[in-house]
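Student: let me see the structure of the following:
(2 chains)
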Amino acid sequence: MRKLILLTPLVWLLAVSSLPAASSEADRLKGVINAAIEAVYGDGCAELTLEEKQVKVRATLESEYDLDVIIRRAIGRNWSLMNAQEQEQVLQLVKQLLVKAYVKGMNGTSRPEVQLGETIEITDKRIEIPSEIKMDGKTVNVLYRLGRMKSGWQIYDIVAEDISVVANYRQQLDDHFRKGNGQDLVNKLKELLIKEDIDEEIQL
Amino acid sequence: MNNRTIEFLVGCFVLAGLAAVFYLALQVGSVQLFNQDSYELKARFSSASGVNPGSRVEIAGVRVGSVKDVVLNENFYAIVTFQLPHAIQLDDDTIASVKTAGLIGDRFIALAPGGSGFPLEPGDTIVDTEAALDIESLISRFALGGIDGGEE
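Tutor: Numbers count the residues shown, from 1 in each chain, chains lettered A, B, ... in the order given. Prediction:
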């Protein structure tokens, strides 16, 4: 009987820890999205420069999610074609580019409204969270794909209007590595970062 | 040449003709009788419009397999089953997309191989997919505008 009493909380804990983190992950994602929007549109942010906003947005995103996951997935098998130094440089440069494109894209627009839908459980290791983003009278459907990894639940792809960010960049990177190498990619990313009028959709 | 020889030759000719028709039917229907060299994978799409049994599966523009079956699951997702040769091993971060050959051409499945190092096993399902781009819907949204009343 005593054994049973001791085991009950353990069994309950195990059961709870193995439950899909569907609802909590949606809350976490919503929190990060709101914080990233707040970093651009919040009180006192109007006076910040674009660079300062980029720092805030990046810190917000990295406080909850590992951006390396989504970038590594986009690079795919080309990852092994780069040496350790190039890999690190590419990760850092792509992160800077993505955040720069996000802040630049939001600049001068009205504050977006984000509505998250019901979480879809694909497997015990993968979930999808659909969302609807309304900005300047336009509505965009965005699907966040999350996977359970060693570091916890991470966003590994974002699908906007049925177009996967990872698939899009993987195709571009595959094309790049057919004729170029890691150092060429680093140089190209550095050029893109210097460009003032960076496009929201980065073309490598 | 006696009658028996002629009848035998005609019989052989008819049999050869039937065999040719049978082979043609198999080829047109993309049926594989001896598919020991291939394995099956599945992909889950929110829309697999235009993809049918026999549709091609491509990697880097090269045909590597064909669609065997397209069914609807209980959650109203399209589950596409396709065959690939054993020589092609894909990782679990492979992305499957429904593409169109040209503007109004046939729909096919394009695979973008990943590099996670965790191979997909026969029968596994690819869940990282891109549905077919609905050109008619895009045109109508462009022409008629969105229902939210904003400028598209």
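Student: drop to CA atoms for contacts and neighbour counts, all remaining ones
Tutor: Will do.
Student: any residue of stretch A:132-141 up close to chain B?
Tutor: Yes - residues of stretch A:132-141 contacting chain B under C-alpha under 8 Å from any C-alpha of the partner chain: A:136, A:137, A:138, A:139.
Student: highest neighbour count among the residues you listed?
Tutor: Taking other C-alpha atoms under 10 Å in any protein chain shown as the neighbour criterion, residue A:139 ranks highest of the residues of stretch A:132-141 next to chain B with 19 neighbours.
Student: now it. Nearest residue, chain neighbours left out?
Tutor: Nearest-residue entry for residue A:139: residue A:133, 5.6 Å, with adjacent residues in sequence omitted and distances by C-alpha to C-alpha, 6 or more residues apart in numbering or on different chains.
Student: what about the one you found, distance to chain B?
Tutor: 12 Å (C-alpha to the nearest C-alpha, to the nearest Å).
Student: pretty sure that residue contacts residue A:140?
Tutor: Yes - Residue A:133 lies in contact with residue A:140 (C-alpha atoms under 8 Å); the separation is 5.2 Å.
Student: neighbours of residue B:45, how many?
Tutor: For residue B:45, using other C-alpha under 10 Å, the count is 23.
Student: nearest to chain B, of the residues of stretch A:132-141 next to chain B?
Tutor: Distances from chain B to these, taken as C-alpha to the nearest C-alpha, are shortest for residue A:137 (4.3 Å).
Student: in chain A, where's the longest helix?
Tutor: helix A:84-106 (DSSP state H).
Student: state the mean pLDDT of that helix.
Tutor: For helix A:84-106, mean pLDDT is 91.
Student: please name the nearest non-neighbouring residue to residue B:78.
Tutor: Per C-alpha to C-alpha, 6+ apart, closest to residue B:78 is residue B:72, 4.6 Å.
Student: could I get the pLDDT score of that neighbour?
Tutor: For residue B:72, pLDDT reads 95.
Student: cool, residue B:46 as well?
Tutor: 89.
Student: can you verify my assumption that it contacts residue B:131?
Tutor: Yes - if you go by C-alpha under 8 Å, residue B:46 and residue B:131 touch, sitting 5.9 Å apart.
Student: give me the three-state assignment for the residue nearest in space to the middle of chain B.
Tutor: Geometric centre of chain B, nearest residue: residue B:67, 2.7 Å, by C-alpha atoms, centre = their mean. Secondary structure assignment for residue B:67 (DSSP: H, G, I helix; E, B strand; the rest coil): strand.
Student: which stretches of chain B form strands?
Tutor: Secondary structure of chain B (DSSP state E): strands located at B:38-45, B:56-59, B:62-72, B:78-85, B:95-100, B:107-112, B:125-126, B:129-130.
Student: of those strands, which stretch is the most buried?
Tutor: Of all those, strand B:129-130 has the most neighbours on average by mean count of other C-alpha atoms under 10 Å in any protein chain shown, namely a mean of 24.
Student: does it come close to chain A?
Tutor: Yes - Strand B:129-130 reaches chain A (C-alpha under 8 Å from any C-alpha) through B:129, B:130.
Student: and that strand, how far out from the chain's middle?
Tutor: Its chain's C-alpha centre and that of strand B:129-130 lie 14 Å apart, by C-alpha atoms, centre = their mean, to the nearest Å.
Student: any idea of the mean pLDDT in that strand?
Tutor: 91.
Student: what pairs with that strand, parallel or antiparallel?
Tutor: For strand B:129-130, the paired strands and their directions (DSSP bridges) read strand B:95-100 (parallel).
Student: ok, residues contacting the partner strand?
Tutor: Outside strand B:95-100, the residues that touch it by C-alpha atoms under 8 Å, 6 or more residues apart in numbering or on different chains are A:167, B:43, B:48, B:51, B:106-114, B:126-133.
Student: may I have it as PDB, with CA atoms only?
Tutor: Presented in PDB, the C-alpha positions along strand B:95-100 are these (Å, rounded to 0.1, in the frame of the first residue of the first chain):
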ATOM      1  CA  ILE B  95      10.500  18.500 -47.600                       C
ATOM      2  CA  ALA B  96       7.900  17.300 -50.100                       C
ATOM      3  CA  SER B  97       6.200  19.900 -52.300                       C
ATOM      4  CA  VAL B  98       3.400  19.700 -54.800                       C
ATOM      5  CA  LYS B  99       4.700  21.500 -57.900                       C
ATOM      6  CA  THR B 100       3.300  22.200 -61.300                       C
END
